[in-house]
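**Q** A structural model of the following input is requested.
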Amino acid sequence: MKTVAVKIVILGSQGVGKTSLVTRYETKSFQKNTSSTIGASFSNVDAIIDDVKVKMQVWDTAGQERFRSMAPMYYRGANAALLVFDLTKYDTFTDVKAWAHELTHRVEGELMLVVVGNKVDLAEQRVVQAATARNYAASIGAPFFETSALDNTGESS
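**A** Down below sits the predicted model:
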């Protein structure tokens, strides 16, 4: 079986659920009380996709503004970036646009961008509509997914 190694960086504002999404994927569980990431955390995740073993280095970055200057150190050499925002907070969607702009201007080589709207379980508090996020993602050539780390849902739209 063929094996490929990829580096994935997860970017977004504080509190959008980046760590919760990584934890949900890795452990199939949700931890209600997670502490803020300091700098970044790193994990290795293996998956088999189309008969190819994919060894993923997943970098979960801190969302606090004070750690923003460290981000280039984490996304350097990345193959993909998940740009995560909270569907209930419009400013986090605006922050995703800034991350996408920074990545497209600073990362050399091919970089797959994926836009992720998290917390779809909070439908009654939603402020970023699917069409808005989908249109933005399409404008940067990225797929858009809505997820909930809490209830383990996720779909592209």
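**Q** Roughly how far does Ala133 sit from Ala47?
**A** Distance of Ala133 to Ala47, computed by CB to CB, to the nearest Å: 25 Å. C-betas here are computed from N, CA, C, even on glycine.
**Q** Lys119 now?
**A** 24 Å.
**Q** Those two: which is more packed in?
**A** Set Lys119 next to Ala47 and count neighbours by other CB atoms under 10 Å: Lys119 wins out with 26 against 11.
**Q** which residues does Gly12 contact?
**A** Lys18, Gly63, Leu82, Leu83, Val84, Phe85, Thr92, Asp95, Val96, Trp99, Val116 (CB atoms under 8 Å, 6 or more residues apart in numbering).
**Q** whoops, Asp95 was the one
**A** Contacts of Asp95 by CB under 8 Å, 6+ apart are Gly12, Ser13, Phe85.
**Q** go on, Val120?
**A** Counting by CB under 8 Å, 6+ apart, Val120 makes contact with Leu87, Arg126, Glu146, Thr147, Ser148, Thr153.
**Q** still on that earlier bit, what's the closest of the contacts of Gly12 to Val4?
**A** Set against Val4, the nearest of the contacts of Gly12 by CB to CB is Leu82 (18.0 Å).
**Q** For the helix or strand containing that closest one, list every residue counted as buried.
**A** Using DSSP states H and E, Leu82 sits in strand 80-86. Buried residues in strand 80-86, counted by 16 or more other CB atoms under 10 Å: Ala80, Ala81, Leu82, Leu83, Val84, Phe85, Asp86.
**Q** Adding distance to Gly109 and pLDDT as columns, could you present these in CSV?
**A** As requested, those are exported to CSV (distance: CB to CB, whole Å; pLDDT from 0 to 100):
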residue, distance to Gly109, pLDDT
Ala80, 12, 91
Ala81, 12, 92
Leu82, 17, 92
Leu83, 18, 96
Val84, 22, 95
Phe85, 25, 97
Asp86, 29, 96
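**Q** Adding distance to Ser139, write those out as TSV.
**A** Shown next, in TSV, are the buried residues of strand 80-86 (distance: CB to CB, whole Å):
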residue	distance to Ser139
Ala80	18
Ala81	16
Leu82	17
Leu83	13
Val84	18
Phe85	15
Asp86	20
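**Q** Tell me which residues touch Thr104, please.
**A** Leu111, Leu113, Ile140.
**Q** let me redo that: Lys2
**A** Contacts of Lys2 (CB under 8 Å, 6+ apart): Asp51, Val52, Lys53.
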